[in-house]
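A.B. asks: predicted model and sequence follow; I will ask about them next.
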Amino acid sequence: MAIPSSASTKAICVSSRLTMGPIPWGVAALSGAVTEPAWRAKPSWYLVATDDRMIPPAAQRLMSKRAGASVVEVKGSHAVYVSQPQAVAELIRKAAKSLW
């Protein structure tokens, strides 16, 4: 099954965004209120990086469970998209395919 071009575009955008690095955010973000988190109503996917020293894997598992996410675990650091690009790409493919 071929991924529709719109799904391919989304995957490329996500991959491109990851390579750009952090985007600065404004102090106003601290006072913002989320009225309805997207993960409550939309499908979610989570890649647990088991060697992450920034966000402990146990915390990642808790967050992904709370979101009801489909979870994949791979051995990798916080920059898992650099050390395990195939695993990241495969998760993006699975997510895109599940939406179409």
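C.D. replies: Looks like it came in fine.

A.B. asks: residue 39 contacts residue 65, correct?
C.D. replies: No - counting by Cβ atoms under 8 Å, residue 39 does not reach residue 65; the two are 11.2 Å apart. Glycine gets a C-beta too; all of them are placed from N, C-alpha and C.

A.B. asks: out of the two, which sits in the more crowded spot?
C.D. replies: residue 39 (15 against 11; other Cβ atoms under 10 Å).

A.B. asks: which secondary structure element of the chain has the lowest mean pLDDT?
C.D. replies: Among the helical and strand segments of the chain, the one scoring lowest on mean pLDDT, DSSP states H and E is helix 5-20, with a mean of 52.

A.B. asks: from what I can see residue 98 touches residue 69, true?
C.D. replies: No - using Cβ under 8 Å, residue 98 is not in contact with residue 69; the gap is 12.0 Å.
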